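**Q** Sequence and computational prediction follow.
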Amino acid sequence: MLRRYAVFLLAATAMLCAAVAALWFGSAELRLSEVFAGLFSDGDAKLSVIIRHIRLPRMLAAFLAGIGLSVSGVLLQAVTDNGLASPNIIGVNSGAGFLTILTLFCFPHAFYALPFAAFFGAFAATLLIVWTANRIGSSKMTIILAGMALTAILNAGISFISLLDTDVVAVYNYFSVGGLSGVTAKSLIIPAALIFLSLGAALLLSPKISLLCLGDSLASSLGVRVRLLRMVCLICASASAAAVVSFAGLLGFVGLIVPHIARKLSGGGMTKTLVLASMVGATVVMLADTLGRTLFAPTEIPVGIVMALTGAPFFLVLLLRRREHA
Amino acid sequence: MLEIRNLCVRRRRKEILDGVSLTLVPHKLTALLGKNGCGKSTLVSCINQTVPYTGEIRFSNRDLALMPPKERACLLSFLPQTLPCPHITVLELVTMGRSPYVDIGRRLTPQDKEAVWSAVCAIGIEGFSDRYLDELSGGERQKAYLAMTLAQGTRVMIMDEPTTYMDMEYEHTFLGLLNRLKQQRKKTLLVVMHNLNQAVRYADRLAVLEGGKIVFDGETADCIAQGVIERVFGVRRYAVEGKVFFSAE
């Protein structure tokens, strides 16, 4: 009992520390007291601008990106019963990428439309996969296979447009790496609503979702409408990840790794895993973004690159440890 | 009680089940027998509503296909042949048996918790209730799943070859447990079985499937007397100390 609460307390403390670090460290060196002064008082206009208009929105963006992608990953790994599932298997990355590059190709100066294009591309790709899988039978495997097939088609489309118009490649590359620079607080309102709605729905449905680990026939015998639940989870996962893609681009590894860490910490149980994944995901992205901003300051490394550089080795260590246990 | 009328399942132009009719007698253990590929698992999957079929499956005169899944789960529990072993504790698994009674956003009531612990005690798995399912032996895991279906609190329990991966001793213990559930908790059981000797020993009634058709449905003694098992399975019958055995030789 004590250990269970200790884990939550530790995760919450880590998240708080990461949030403070995200506000504290950056290209302008500040004291901790100045961070709080910038947050809560209007005395110093320069401090206010740095903290309230630059670092706070960015910290919030990292916080939301971590929650959104982790929740999406937990849901996807549960409904497909596959530890390698992440938002890209339901076409989130390829759908967002395709519509973004298509928008850039058709309207080269419509940068304001890119977050919308990313969101709708990601969401539409998932709906197409859900519809295809539903037509075939909506089993765990058909979702993965339909996702792979659609991803291949959309990636081919991205490559084709890149060949037709090389000017769009630079902008697309920044989007595909994933970064949080230039995020404004206003642009986070709709994504935040979608992410928290998805998290709320996932928490509400978590007792039913956890039954999916028993297999379709047992879950069905326990009164679960398996196909419907799977579809609802896919849509929540997609909405959450698509919301993140709309302001952060294609951030990799969070949706894949964080659910594993959360499961390890929670010791099982869908509700506990979802809550812990949200906290761990937010912590990881906030830390990765802070590292990216400060390691080679004033040059900034996009958070996507930091995540891939630190996340991939961590994932390999996780796999090796699992093998040792086996 | 559960009544199956003229059930047909067709797959790739082949009749898997061809006009199956079967009625479960309350508080009896009915063993469903048949050679490999005769449609036993398909029949129980139809009852679980996971395989499309034509015909009717009725429970207390209500069509199961038209019943909401949650309501069906309060009347009928199902244990499939292959059981997954997720990383959850035995107690968490048994608690999942109460999920048909717990609405979205609600917590387990004291009655639910009591039903869970009562199922754990009835199956005798108190000793490893806090252990993870993926750390247990096959037999222990099977008992944990049986406790889960018991916690579901249904009148009818359907099991698809529950003793497949068990050694003889564990199989005997497991079937003894089913017998106890039938007598003490008034359960009606339909169990797909592959071991003919255990079937004639433990089942009150036998339903024999051959080529997608029910060729016998009745008391175990009548089935033995009519020589149905010898004819369908191509085995020979022996009687030793008043007990009946079947052997391929």
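**A** Structure received.

**Q** So which bits of chain A are right by chain B?
**A** Selection of chain A residues close to chain B by CB under 8 Å from any CB of the partner chain yields A:204-205, A:207-208, A:210-211, A:213-218, A:220-225, A:263, A:268-269. No exception for glycine: its C-beta is placed from N, CA and C like everyone else's.

**Q** Separate out the buried members of those.
**A** With burial judged by 16 or more other CB atoms under 10 Å in any protein chain shown, the buried subset of the residues of chain A next to chain B is A:205, A:207-208, A:210-211, A:213-218, A:220-224, A:263, A:268-269.

**Q** who's in contact with residue A:301?
**A** Each residue near residue A:301 by CB atoms under 8 Å, 6 or more residues apart in numbering or on different chains is listed here: A:291, A:292, A:293, A:295.

**Q** looking at this, it is in a strand?
**A** No - counting by DSSP: H, G, I helix; E, B strand; the rest coil, residue A:301 falls outside a strand, being coil.

**Q** buried ones in the least confident helix or strand in chain A by mean pLDDT?
**A** Sorting the helices and strands of chain A by mean pLDDT, DSSP states H and E puts helix A:303-325 at the bottom, at a mean of 76. Neighbour counts over helix A:303-325 (16+ other CB under 10 Å) mark A:303, A:304, A:305, A:306, A:307, A:308, A:310, A:311, A:314, A:315 as buried.

**Q** count of neighbours near residue 31?
**A** The chain I'm using is chain A. Look at residue A:31: counted by other CB atoms under 10 Å in any protein chain shown, it has 9 neighbours.

**Q** wait, chain B
**A** By other CB under 10 Å, the residues close to residue B:31 number 26.

**Q** Provide the partner residues of it in its beta bridges.
**A** Beta-bridge partners recorded for residue B:31 (DSSP bridges): residue B:191, residue B:206.

**Q** Next, work out how far apart it and residue B:245 are.
**A** Separation of residue B:31 from residue B:245 (CB to CB, to the nearest Å): 16 Å.

**Q** who are the neighbours in contact with residue B:181?
**A** Each residue near residue B:181 by CB under 8 Å, 6+ apart is listed here: B:122, B:150, B:157, B:187, B:189.

**Q** model confidence over stretch B:223-239, on average?
**A** In this model, stretch B:223-239 carries a mean pLDDT of 90.

**Q** Now do the end-to-end distance for it.
**A** Stretch B:223-239 has an end-to-end distance of 15 Å (criterion: CA to CA, to the nearest Å).

**Q** Show the secondary-structure elements that the least confident helix or strand of chain A is packed against.
**A** helix A:254-266, helix A:270-294 (3 or more CB pairs under 8 Å, 6 or more residues apart in numbering or on different chains; DSSP states H and E).

**Q** Name all residues that make contact with the most centrally placed residue in chain A.
**A** Nearest residue to the geometric centre of chain A (CA atoms, centre = their mean): residue A:69, 2.1 Å. Counting by CB under 8 Å, 6+ apart, residue A:69 makes contact with A:87, A:240, A:241, A:244, A:251, A:254, A:255, A:258, A:281, A:285.

**Q** I'd like to know which residues of chain B are adjacent to chain A.
**A** Neighbours of chain A within chain B, by CB under 8 Å from any CB: B:45, B:48-50, B:69-74, B:76-80, B:82-84, B:86-89, B:92-93, B:96-97, B:99-100, B:102, B:104-105, B:132, B:152.

**Q** For these, which ChimeraX command selects only the ones that are buried?
**A** Of the residues of chain B next to chain A, the buried ones go into a single ChimeraX selection, burial set by 16+ other CB under 10 Å:
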select /B:45,48,49,50,69,70,72,73,74,76,77,78,79,80,83,86,88,89,92,93,96,97,99,100,102,132,152
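
**Q** Go through the residues of chain B next to chain A and flag which are in strands.
**A** Applying DSSP state E to the residues of chain B next to chain A, the entries found in strands are B:76, B:77, B:78, B:79.

**Q** what bridges to the second one?
**A** Legend: beta-bridge partners of residue B:77 under DSSP bridges are residue B:157.

**Q** shaky segments in the chain?
**A** Since no chain was named, I'll use chain A. By pLDDT under 70, the low-scoring segments of chain A are A:1-4, A:137-139, A:322-326.

**Q** not quite, I wanted chain B
**A** For chain B, residues meeting the criterion pLDDT under 70 lie at B:249.

**Q** Can you report how many residues neighbour the residue of the stretch 51-200 of chain A found nearest chain B?
**A** Nearest residue of the stretch 51-200 of chain A to chain B, counting by CB to the nearest CB: residue A:81, 8.2 Å away. Residue A:81: 17 surrounding residues under other CB under 10 Å.

**Q** That one against residue A:141, yeah?
**A** No - contact criterion CB atoms under 8 Å: residue A:81 and residue A:141 do not qualify, at 9.6 Å.

**Q** need the contact list for the residue nearest to residue B:23 when sequence neighbours are not counted.
**A** Counting by CB to CB, 6 or more residues apart in numbering or on different chains, the nearest residue to residue B:23 once its immediate chain neighbours are dropped is residue B:3, at 4.8 Å. Neighbouring residues of residue B:3 by CB under 8 Å, 6+ apart: B:22, B:23, B:24, B:56, B:57, B:58, B:59.

**Q** Please apply the same query to residue B:243.
**A** Counted by CB under 8 Å, 6+ apart, residue B:243 has contacts residue B:201.

**Q** separation between it and residue B:201?
**A** Relative to residue B:201, residue B:243 is positioned 7 Å away (CB to CB).

**Q** Alpha carbons only: can I get stretch A:253-270 in CSV?
**A** C-alpha atoms of stretch A:253-270 as CSV (Å, rounded to 0.1, in the frame of the first residue of the first chain):
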residue,chain,number,x,y,z
PHE,A,253,9.4,7.4,-28.6
VAL,A,254,7.3,8.9,-25.9
GLY,A,255,4.2,6.9,-26.8
LEU,A,256,6.3,3.8,-27.1
ILE,A,257,8.6,3.9,-24.0
VAL,A,258,6.6,5.7,-21.4
PRO,A,259,3.8,3.1,-21.2
HIS,A,260,6.4,0.4,-20.4
ILE,A,261,8.0,2.5,-17.6
ALA,A,262,4.5,3.3,-16.2
ARG,A,263,3.5,-0.4,-16.2
LYS,A,264,6.7,-1.3,-14.5
LEU,A,265,6.1,1.3,-11.8
SER,A,266,2.4,0.6,-11.3
GLY,A,267,2.8,-3.2,-11.3
GLY,A,268,-0.3,-3.5,-13.6
GLY,A,269,-3.8,-2.1,-13.4
MET,A,270,-5.0,0.2,-16.2
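
**Q** Tell me which residue of the chain is furthest from the middle?
**A** Looking at chain A here, since you left the chain open. When distances are taken from the C-alpha mean of chain A, residue A:43 lies farthest, 36.1 Å away, according to CA atoms, centre = their mean.

**Q** Correction: the question concerned chain B.
**A** Distance from the centre of chain B peaks at residue B:105, with 30.9 Å (CA atoms, centre = their mean).
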